[in-house]
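Q: Below are the sequence and a predicted model; questions follow.
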Amino acid sequence: MQEGRDLSKSNGKIWPYAIGTSILLVFGACVATVIVTSTLPVEKSDTYMMGYHEADAKANELINARIAFDKKYKIAYVTDGLNLDSSVIKYKVSDLNSEAVDNAKIEVVVTRPNNHKHDQTLKSSSYENGVYTFPSIKLPVEGRWDIMAKISVGDVQRYYNVKADTRAKEAFEY
């Protein structure tokens, strides 16, 4: 009978240590997560070509600007497709009557999702037959790319973002 009691006493002494160790491990994991995330840089927002905090602070302005722009103009991404050697980015800007707009200012950033190491900024485009064409660029790696554009016509502007891939011709607005 005595031996049975000793076993139950020794098992009862281990549980507080196991619970205490578990609490310390969880707390340590929380501290490690905070330390690791605080060392990572805050990247530009993948939506508005600006820092996350600035995009958050201007959210209502950006939404209202898009609504105002869409009441006057339409945008179309008309690039033939992306490839590694020579990608030519093209946009068509028209009014709601489908008349070409020849005074738009377009700034484009071609970037990888969640990685700004290979960003390419395009600011000067040529305009012909209603299409704004940017100089050819080389893409350093195959795969998915985000093409973010800021289009301004007069006093209205809008961000127009497209997901494209070097392995497929389709592109999708996001």
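A: Everything's here; your move. Residues are numbered from 1 along each chain as shown.
Q: so where's the longest helix in this protein?
A: helix 2-39 (DSSP state H).
Q: can you give me the offset of it from its chain's centre?
A: Computed by C-alpha atoms, centre = their mean, to the nearest Å, the chain-centroid distance of helix 2-39 equals 40 Å.
Q: And stretch 75-86, by the same measure?
A: Between the centre of stretch 75-86 and the centre of its chain there are 18 Å (C-alpha atoms, centre = their mean).
Q: picking that back up, can I get the CA coordinates of whichever helix or strand comes after the longest helix of the chain in PDB?
A: Counting by DSSP states H and E, the element after helix 2-39 in chain order, helix or strand, is helix 52-57. What follows is helix 52-57 as a C-alpha-only set of coordinates in PDB (Å, rounded to 0.1, in the frame of the first residue of the first chain):
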ATOM      1  CA  TYR A  52       1.000  51.100 -44.900                       C
ATOM      2  CA  HIS A  53       0.500  53.800 -42.300                       C
ATOM      3  CA  GLU A  54       0.100  56.600 -44.900                       C
ATOM      4  CA  ALA A  55      -2.400  54.400 -46.900                       C
ATOM      5  CA  ASP A  56      -4.400  53.700 -43.800                       C
ATOM      6  CA  ALA A  57      -4.500  57.400 -42.800                       C
END
